[in-house]
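Student: Dropping a prediction and its sequence here:
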Amino acid sequence: MILENWSALEIIAGIVITAPAVYAWADRWLDRTRNKVSDKVESEKED
């Protein structure tokens, strides 16, 4: 396993560095999927 020779501090630092980027990506992805769903709902209301 890759993490075998990593210290806890290095693992925590890696999580702290990558977490904001992962969160931003997930937030954008969720926003896009939510918008698609709401677009479908809006178009159904118009019919």
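Tutor: Perfect, I can see it now.

Student: from the chain's centre, how far out does stretch 13-23 sit?
Tutor: Offset of stretch 13-23 from its chain centre (C-alpha atoms, centre = their mean, to the nearest Å): 11 Å.

Student: and if you look at stretch 16-34?
Tutor: 3 Å.

Student: same check, this time on stretch 12-31
Tutor: Distance, stretch centre to chain centre, for stretch 12-31: 6 Å (C-alpha atoms, centre = their mean).

Student: Over to stretch 22-39?
Tutor: Offset of stretch 22-39 from its chain centre (C-alpha atoms, centre = their mean): 9 Å.

Student: What of stretch 11-20?
Tutor: Taking the mean of its C-alpha atoms, stretch 11-20 sits 14 Å from the chain's own mean (C-alpha atoms, centre = their mean).

Student: same question, stretch 7-27
Tutor: Centroid displacement of stretch 7-27 relative to its chain, using C-alpha atoms, centre = their mean, is 12 Å.

Student: Next, name the residue at the spatial heart of this structure.
Tutor: Ala26 (1.7 Å; C-alpha atoms, centre = their mean).

Student: Next up, identify which helix or strand that one is on.
Tutor: Per DSSP states H and E, Ala26 falls inside helix 8-46.

Student: Tell me which other helices or strands that helix touches.
Tutor: For helix 8-46, there is no helix or strand it packs on, judged by 3 or more C-beta pairs under 8 Å, 6 or more residues apart in numbering; DSSP states H and E. All C-beta atoms are positioned from the backbone trio N, CA, C, and that covers glycine.

Student: For that helix, buried residues please.
Tutor: Buried residues in helix 8-46, defined by neighbour count with 16 or more other C-beta atoms under 10 Å: none.

Student: model confidence over that helix, on average?
Tutor: The average pLDDT within helix 8-46 is 84.

Student: Give me the distance between it and the centre of its chain.
Tutor: For helix 8-46, the distance to the chain centre is 4 Å (C-alpha atoms, centre = their mean).
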